[in-house]
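# Sequence and predicted structure below; questions after.
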Amino acid sequence: MRIFAGIALAFAASGAFASGFQPSDDDLRVQQGRQLLAREFPEVMRHMARQDGFGGPSSKPIARAMLSDAPDLVAEAKAKMTVEKIEDGVWLIHFPYVNVALIETRHGLVLFDTGYAAIGPVLVELLPALSKKPLSHIIVSHTHVDHAYGWPALKAKWPMAKMITSALLPEMAARDVRLGGSIGRLNNQPLHLQPASIDQMPTPDIVFEDKLSIQIDGETFRSLSCPGGDRRTNLDGGTWPARRFSPQLLSGFLPMPAMASASTAHVDEWVAALRDMSAKKPEVLMPMHGAAIVSEAKSTQADHLAEAFAICV
C-alpha cells in the first residue's frame, strides 16, 4: 500500500499516528514535511485524498492497524464491505482501501489477494455464502500490508488451498521482515505488529518466474509478474468466457509510478504492462483498488494511464 509514499493518510492530522505508537522527533518532523507538501500542492493532494486515494470507503481504525485482526477491525471491515457480482462465478469484493477478486471454477474457488489482516476472517465467513465450493487456490500479488496479510485465517479454514506467488515474493517477504521497523513507520503502523519472522508471511506452494499458465478444473489461469513501483503479479484468465484482468498495476487514482518506499521504480515496464493489458482488449478489468471497469471501451483507461505514466517519467 505504502500510503502514497507515506503522504495520503499521514499528513491529515496530528493524531494520524497509530494508537499506542509514540512518535520520535524524527517522526514528527516527517509528518510536518508531509503537511507542508499538502499546503504547497493542495489540488494534487485533494485528488490523491479522494476516498483516501484508493477507492471505496475509508476507515481510520483499519488504516492505523492493517496488520491486526482484532475483532473490532474485523467488524469494521465487514460493515464497510460491498460485494460486486461481475457475472456468474466472478466477484470483486470491495473493502476499505483495497479489493480482492474471487473466481468460481467447477469444483473450487480461486482468490486473488487476501487483503489486510482483518479481511481474512471476513472472507472465511463470506466465501461459503457466495459458493459452497472450497477455496482451492490463493494468488498473492505482493507483500504490501493491504494485500498479503489476510491469508492465515483462510489457510486455517482451507488448509489444502494452494498459494501461488511470483518467485520474487519470498525475497520481498524477507525484505519486509528485515526492514519491518522502517516499513511500519512509513505506513504509520504499530511496530509491534510488524512481522518478525518469515513464517508470518505467505508461504507459496507454487511459484513462477515471469509467467505461469496453470489448469484449474479445466480452466487456464495465466499469471504474469510485471515490474512497477515494486514487483507485482497480475492475473489473466485467458479461457474464461471473456478476458478479465485483476491487476494491481491499474488503479483509479493519481498514478504513482515511483514510490519513496520502493526499492526500485520500474516505470518503463509498468507502462509496457498497462499497454499490454489494453492491447488484449479485456472486457472486464478488476483492479485491486477502485471500481471495476466492465466494458471494452472503458478498458482503454489502461492506455490513458500508460500515457500518464510516460509523462511522469
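Now that the structure is in, tell me what you want to look at. Residues are numbered from 1 along each chain as shown.
# how long is stretch 87-96 from one end to the other?
22 Å (Cα to Cα, to the nearest Å).
# Assign Pro214 to helix, strand or coil.
Careful, residue 214 is Ile; it's not Pro. Under DSSP: H, G, I helix; E, B strand; the rest coil, Ile214 falls in the strand class.
# Is it in contact with Asp205, as I believe?
No. Counting by Cβ atoms under 8 Å, Ile214 sits too far from Asp205 to count as a contact (11.3 Å). Where you see a C-beta, it was placed from the backbone N, CA and C, and this is true even at glycine.
# okay, and the common contacts of those two?
Ile164 (Cβ atoms under 8 Å, 6 or more residues apart in numbering).
# For those two, indicate the residue with more neighbours.
Comparing Ile214 with Asp205 by neighbour count (other Cβ atoms under 10 Å), the higher total belongs to Ile214, at 16 against 13.
# Can you point out the buried residues in the helix or strand that Leu274 is a member of?
Secondary structure assigned from DSSP states H and E places Leu274 in helix 267-279. For helix 267-279, the neighbour count (16 or more other Cβ atoms under 10 Å) marks 267, 270-271, 273-278 as buried.
# and what of stretch 209-224?
By 16+ other Cβ under 10 Å, the buried positions in stretch 209-224 come out as 212, 214, 216, 221, 223-224.
# what does stretch 172-180 give?
So stretch 172-180, judged by 16+ other Cβ under 10 Å, has buried residues 172-173, 176-177, 180.
# Just the ones in helices from these, please.
172-173, 176-177, 180 (DSSP state H).
# which of those residues lies closest to Glu283?
Among those, Met172 lies closest to Glu283 (Cβ to Cβ), at 31.1 Å.
# Show the contacting residues for the closest residue to the closest one other than its chain neighbours.
Computed as Cβ to Cβ, 6 or more residues apart in numbering, the closest residue to Met172 that is not its neighbour in sequence is Thr143, at 4.6 Å. If you count contacts by Cβ under 8 Å, 6+ apart, Thr143 has them with 169, 172-173, 176, 201-202.
# Now with 10 Å, please.
Neighbouring residues of Thr143 by Cβ atoms under 10 Å, 6 or more residues apart in numbering: 149, 165, 168-177, 183, 195, 201-202, 230-231.
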